[in-house]
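Show me how the following folds:
(chains A and B, ligands or ions: 1)
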Amino acid sequence: MHELSLAHGIVEQSIAAAERLRAARVVAVQLRVGRLAGVEAGALVFCYDIASQGTVLEGSRLEIIDVPLVVWCAHCLKEVELPGIQRLRCPTCDTLCGEIRHGRELEIASLEIEESDG
Amino acid sequence: MSQTRIVEVRAGVLKKNDELARALRTRFEDAGVFVVNLVSSPGTGKTQLLERTLTELAASGQRCAALVGDLETDNDARRLARSGVPVRQINTHGRCHLEAEMIGDFLGDWDLGALDVLFIENVGNLVCPASYDLGEALRVALLSVTEGEDKPQKYPTMFNSADVALITKIDLAEACEFDRAAAHAAIHDVRPGMTILELSAKRGTGMAEWHQLLADRRGAWQANHK
Ligand SMILES: [Zn+2]
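Have a look, this model is predicted:
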């Protein structure tokens, strides 16, 4: 399980961002997670609570924004959203679609912060 | 209660690893060493394949070496050392995957310029290694016939991130009632167009094709980094 490693990465980068923003407190971290990123959201939230202990992030929420798998269909000539990640085939025409447009994301999208006075 | 506001950040979680991997890739390119990252579940015969590959490459005059990731033991490294090529063990102390930082640490002062091909045997795990770029030029995912044809659907991220799939222990296919066509279709469903080779390191089946693939990919890589 690599979610603990990832959680440490999230904590490290969020602390740096919070310092840059001069945040008094971080209320929540919004994380964009692609369906194909290979991350188990429940495990990641659990690990985040552990990794954030004793830091400025302690007590904050990790909010997961699910990013669907979107591929380019060379037959329909458009981006299509796939219902799952087990078959990269266009739901309309059944063409195999190897060109992934979204779904690999694993990034901190935003922080919800309280600003320090003054 | 004080006011809160939401501020956009946009920072990749794997940024640190990605940066270190990029630096490693440059180092490998400068040294002219072609790096292959092997990933699979435990028990796919990864070490056996690597032992045979190293032995045969060395016999054909190629200068190769291996970095072996293992949770606690050095069994694999000792086994691979029998091939006579330099082997270094990366003990991950329970970590389920290799990261670019560990590769850098364990390479140390290794003279990469004296090598043609470097293999990295990742930790046996089909989930975590998918996320960690090690600076490799080629990522190879192994699937053994003993695991069943639907393995790619259980681990789509890993198979999607690989460049080549190897179906190993093909000598046992019949005994395992392994459906080869179904396995190829399953791999292509998660990674359309991926090159697939079938081989048996025990019998030698498919080894010539494997060596040819390595030579072709290395040639293409060299042409791009002249
Ligand atoms: Zn289509």
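
Name the helix or strand of chain B that has the lowest mean pLDDT.
Using mean pLDDT, DSSP states H and E, the weakest-scoring helix or strand in chain B turns out to be helix B:75-81, at a mean of 82.

After it, which helix or strand is next?
Past helix B:75-81, further along toward the C-terminus, the next helix or strand under DSSP states H and E is strand B:87-91.

what about the helix or strand just after that following strand and chain A, touching?
Sequence-wise, the next helix or strand downstream of strand B:87-91 (DSSP H and E) is helix B:100-107. No. On the criterion C-beta under 8 Å from any C-beta of the partner chain, helix B:100-107 is out of touch with chain A, staying 10.8 Å away. From N, CA and C alone the C-beta is placed, and that goes for glycine too.

same for the next helix or strand after helix B:100-107, what does it pack against?
Where DSSP H and E defines the elements, the next helix or strand beyond helix B:100-107 is strand B:117-121. Counting contacts by 3 or more C-beta pairs under 8 Å, 6 or more residues apart in numbering or on different chains; DSSP states H and E, strand B:117-121 packs against strand B:34-39, helix B:46-59, strand B:64-70.

lowest-confidence stretch among the ones you listed?
Among those, strand B:64-70 carries the lowest mean pLDDT, a mean of 92.

tell me what that one is packed against?
With contacts defined as 3+ C-beta pairs under 8 Å, 6+ apart, the packing partners of strand B:64-70 are helix B:46-59, helix B:75-81, strand B:87-91, helix B:100-107, strand B:117-121.

Please find the angle between the direction vectors of the longest one and strand B:34-39.
Taking axes from the mean of the first three to the mean of the last three C-alpha atoms, to 10 degrees, one finds that helix B:46-59 is oriented at 160 degrees with respect to strand B:34-39.

how about the residues of chain B near chain A?
Going by C-beta under 8 Å from any C-beta, the residues of chain B near chain A are B:2-16, B:95-97, B:99, B:127-128, B:130-132, B:153, B:156-158, B:160, B:188-193.

end-to-end on stretch B:64-82?
Counting by C-alpha to C-alpha, to the nearest Å, you get 13 Å between the two ends of stretch B:64-82.

contact partners of that stretch?
Contact partners of stretch B:64-82, identified using C-beta atoms under 8 Å, 6 or more residues apart in numbering or on different chains, comprise B:47, B:50-51, B:54, B:57-58, B:85-98, B:102-103, B:106-107, B:110, B:115-123.

which other residues reach the longest strand belonging to chain A?
The single longest strand within chain A, with elements called by DSSP state E, is strand A:23-34. Strand A:23-34 has contacts (C-beta under 8 Å, 6+ apart) with A:10, A:14, A:18, A:39, A:41, A:44, A:48, A:56-57, A:60-67, A:69, A:102-117, B:2, B:4, B:6, B:13.

and the helix or strand harbouring A:G42, what's its mean pLDDT?
Here A:G42, judged by DSSP H and E, is contained in helix A:41-51. For helix A:41-51, mean pLDDT is 95.

Would that helix count as contacting chain B?
No. Figure legend: helix A:41-51 not in contact with chain B (C-beta under 8 Å from any C-beta); closest approach 9.5 Å.

Could you measure from A:L21 over to B:M158?
36 Å (C-beta to C-beta, to the nearest Å).

Could you check which of those two has the larger neighbour count?
The residue with more neighbours, out of A:L21 and B:M158, is B:M158; 26 against 16, by other C-beta atoms under 10 Å in any protein chain shown.

these two touch, right, the more buried one and B:L143?
No. Using C-beta atoms under 8 Å, B:M158 is not in contact with B:L143, being 9.9 Å away.

Just the pLDDT for A:S5.
89.

Report whether the strand or helix carrying it contacts chain B.
For A:S5, the host element (DSSP H and E) is helix A:3-20. Yes. Contact between helix A:3-20 and chain B, assessed by C-beta under 8 Å from any C-beta, occurs at A:S5, A:L6, A:G9, A:I10, A:E12, A:Q13, A:S14, A:A17.

Residues contacting that helix, please?
Contacts for helix A:3-20 (C-beta under 8 Å, 6+ apart): A:26, A:29, A:31, A:39-40, A:43-44, A:46-48, A:50-52, A:55-57, A:62, A:106, A:108, A:111, A:113, B:7, B:9, B:11, B:13-16, B:95, B:97, B:99, B:131.

Just the buried residues from the residues you listed, in ChimeraX please.
Burial among the contacts of helix A:3-20 is assessed by 16 or more other C-beta atoms under 10 Å in any protein chain shown; the matching ChimeraX selection reads:
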select /A:26,29,31,39,44,47,48,51,52,56,57,62,106,108,111,113 /B:9,11,13,14,16,95,97,99,131
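
Quick check: buried residues in stretch A:65-82?
A:V67, A:L69, A:V70, A:V71, A:C73, A:V80, A:L82.

mind checking pLDDT for the closest residue to the fourth one other than its chain neighbours?
In other words, A:V71. Using C-beta to C-beta, 6 or more residues apart in numbering or on different chains and skipping the chain neighbours, the partner closest in space to A:V71 is A:C97 (3.8 Å). pLDDT for A:C97: 96.
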